[in-house]
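Undergrad: I'll drop the sequence and a predicted model, then ask my questions.
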Amino acid sequence: MKLIALSLLLVLVSFRSEKEEIVSGLQKQAVSQEKNIAVYFSGSDWCSVCKKFKSETLNVPEIDSLLKNSFIYYTADFPQRTKLDKSIVQANELLAEKLNPGGNFPLLVITDASLNVKAVIRYGNPSPKVIEELQKLENQ
């Protein structure tokens, strides 16, 4: 009986750590590279506004470059038709619980390495304003 309980505990611990491994990996990268984290919350296969935000804002060359080079950039995707690995789904849910409790889509959240929110960027902000905000946060 003790062996079964111990086995179950080990399974639960390893299961829990997979989702947290992704999040802690982002945090470790942020610390080691001295960068903030940018998490983009998206519903890639159902959210039409997410698609607009990505094409009109995130894919603007200067914004795309800032996100990829000056931040630890992660897309927390919540598709309805596309199946994601279970650990990715759980990591995305963990990030959403902490950074996007209202479940807003699309949303770009900038945090420090401890996941303290520094800025929230929503659809509708003009590209120059987004660039200015990201530039302000890239070296903090």
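TA: Sure thing, it's come through.
Undergrad: and the closest residue to Leu84 other than its chain neighbours, how many neighbours does it have?
TA: Nearest non-adjacent residue to Leu84, counting by C-beta to C-beta, 6 or more residues apart in numbering: Asp77, 6.9 Å away. Any C-beta I mention is one placed from the backbone N, CA and C, and that applies to glycine too. A count of neighbours around Asp77, defined by other C-beta atoms under 10 Å, yields 19.
Undergrad: Surely Asp77 and Gly43 touch.
TA: Yes: between Asp77 and Gly43 there is a contact at 7.3 Å, judged by C-beta atoms under 8 Å.
Undergrad: Helix, strand, or coil at the residue most central in space within the chain?
TA: Centroid-nearest residue in the chain: Val39, 2.9 Å away (criterion: C-alpha atoms, centre = their mean). Under DSSP: H, G, I helix; E, B strand; the rest coil, Val39 falls in the strand class.
Undergrad: What ranges in this structure fall below the confidence cut-off?
TA: The chain contains residues with pLDDT under 70 at 1-17.
Undergrad: rerun at 90
TA: By pLDDT under 90, the low-scoring segments of the chain are 1-20, 139-140.
Undergrad: Tell me where it has helices.
TA: Using DSSP state H, the helices of the chain run over 2-33, 48-53, 61-70, 86-99, 127-137.
Undergrad: burial measure for Gln135, as a count.
TA: Based on other C-beta under 10 Å, the number of other residues close to Gln135 is 12.
Undergrad: wait, what's in contact with it?
TA: Gln135 sits next to Leu66 when contact means C-beta atoms under 8 Å, 6 or more residues apart in numbering.
Undergrad: neighbours around Trp46, how many?
TA: As a burial measure, Trp46 scores 14 neighbours (other C-beta under 10 Å).
Undergrad: before we move on, what about Thr57?
TA: There are 22 residues near Thr57, going by other C-beta under 10 Å.
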